[in-house]
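Colleague: Below: sequence and its predicted model.
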Amino acid sequence: MNFRIEAHDSKSKARAGEIETDHGTIKTPIFMPVGTVGSVKSVTQTDLYNRIKAPLILGNTYHLYLRPGTEVLKQAGGLHKFINWQGAMLTDSGGYQVFSLAHRRKITEEGAKFQSHIDGSRIMFTPEGVMDIQRAIGADIMMAFDECPPYPCDIRYATNSMHLTHRWLDRCITRFNETKPLYGYNQTLFPIVQGSVYPELRKQSAEYIANKNCDGNAIGGLSVGEPTEMMYEMTDMVCDILPKDKPRYLMGVGKPENILESIALGIDMFDCVMPTRNARHGYIFTSEGVINIKNEKWKTDFTALDPHITPEFSRAYVRHLITSSEQLGGMIASIQNLRFYLWLVEQAREKIIDGTFSIWKENMVKQITQRL
């Protein structure tokens, strides 16, 4: 994987770049639609690639390990072939499940023991095992296995968790270097900065991760309930430490305004389930502001859902579909929301390159957060 920076914003840390993978070039900043089990909900791969124009999607190691399983994926030739995806792919290692399935797991030095949310069976995830699973999945970008600590947590817990993540990272790197890709194209490994909301821990973790000299780096353990300003503070600090010539990935973020503010802090990559999850409930992001399409006010509004993104469907029609529980409504809303997120980072990239990002960002944050 190669990364090059094309432009910097003069009034912030925002930058525009390109990540080259064996499955295509990714122009940054970039947002990754989340396809947890090999499917971005309510959206076909054709729409993802041609309409939403997503060059990179995300899959989840824990969920794909449970279903369809690594043996099926190996026989298929990897997840790309299994789901007929032509673009690049990143896999979350399952570290977030260590956080989100706290009631179903036990953490030890060896790894994390899970109780399957499907059938209750016991699963052991180790750093070595997670690397092997991601080799079998075949993602272009593999994530190191980490512990994502909850918020709030005391500094003792956060410290122990950070050091465990670092020890697991060392084991991930060793296993990654001992193994090879299975499907004839290259894979790369990103480590993850942890440390909760404690500046001294974030600094220590960022320095540790930076010294590993991997092709890219991620920031985890944020957007888990902490105040937004605290998330920005941690992100800003970590971006000052992580290598400037490597892509930076802020995991699980988030709202459109969070993405724009984080781009200004130096982040290049994002993912979040929000676009598709909100779409299914009729909460739609547009270039003009936010719409709750279930509201009565849209019942006879025959203007385009979004003139810049989805001009062919009216707000009245999409409201009709959503309130009638028609699957097409969720599909149209999901395409709209995902395309909006990709449109937003594409606009940010253009503004970074032409030197107007900071002024544009301030205006755009106000525009896209207003309720219509």
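Modeller: Okay, I see it.

Colleague: so what's residue 134 closest to, chain neighbours aside?
Modeller: residue 142 (4.2 Å; Cβ to Cβ, 6 or more residues apart in numbering). Bear in mind the C-beta positions are built from the backbone N, C-alpha and C, glycine included.

Colleague: and the worst-scoring helix or strand of the chain on mean pLDDT, what does it pack onto?
Modeller: Ranked by mean pLDDT, DSSP states H and E, the weakest helix or strand in the chain is helix 95-100, scoring a mean of 78. Under the contact criterion of 3 or more Cβ pairs under 8 Å, 6 or more residues apart in numbering; DSSP states H and E, helix 95-100 touches strand 105-107, strand 112-115.

Colleague: now, of those strands, which is deepest in the fold?
Modeller: Ranked by average neighbour count under the criterion mean count of other Cβ atoms under 10 Å, these are headed by strand 112-115 at a mean of 18.

Colleague: Partner strands of that strand and their direction?
Modeller: In the sheet, strand 112-115 lines up against strand 105-107 (antiparallel), strand 122-125 (antiparallel) (DSSP bridges).

Colleague: which residues are contacting the least confident helix or strand of the chain?
Modeller: 60, 62, 105, 107, 112, 114, 143-150, 165, 192, 220, 224, 251-252 (Cβ atoms under 8 Å, 6 or more residues apart in numbering).

Colleague: who's in contact with residue 347?
Modeller: Residue 347 touches 360, 364, counting by Cβ under 8 Å, 6+ apart.

Colleague: Kindly state the pLDDT recorded for it?
Modeller: Among the per-residue scores, residue 347 shows a pLDDT of 98.

Colleague: and it, what element?
Modeller: If you go by DSSP states H and E, residue 347 is part of helix 327-354.

Colleague: and if you look at residue 133?
Modeller: helix 127-137.

Colleague: If we ignore the residues flanking it in sequence, what's nearest residue 26?
Modeller: residue 19 (4.2 Å).

Colleague: counting contacts, what elements does whichever strand or helix holds that neighbour pack onto?
Modeller: Assessed by DSSP H and E, residue 19 sits inside strand 15-21. Under the contact criterion of 3+ Cβ pairs under 8 Å, 6+ apart, strand 15-21 touches strand 2-8, strand 24-28, helix 327-354.

Colleague: Pick the most buried one from these.
Modeller: helix 327-354 (a mean of 21).

Colleague: What angle do strand 2-8 and that one make with each other?
Modeller: For helix 327-354 against strand 2-8, the angle by axes from the mean of the first three to the mean of the last three Cα atoms, to 10 degrees is 70 degrees.
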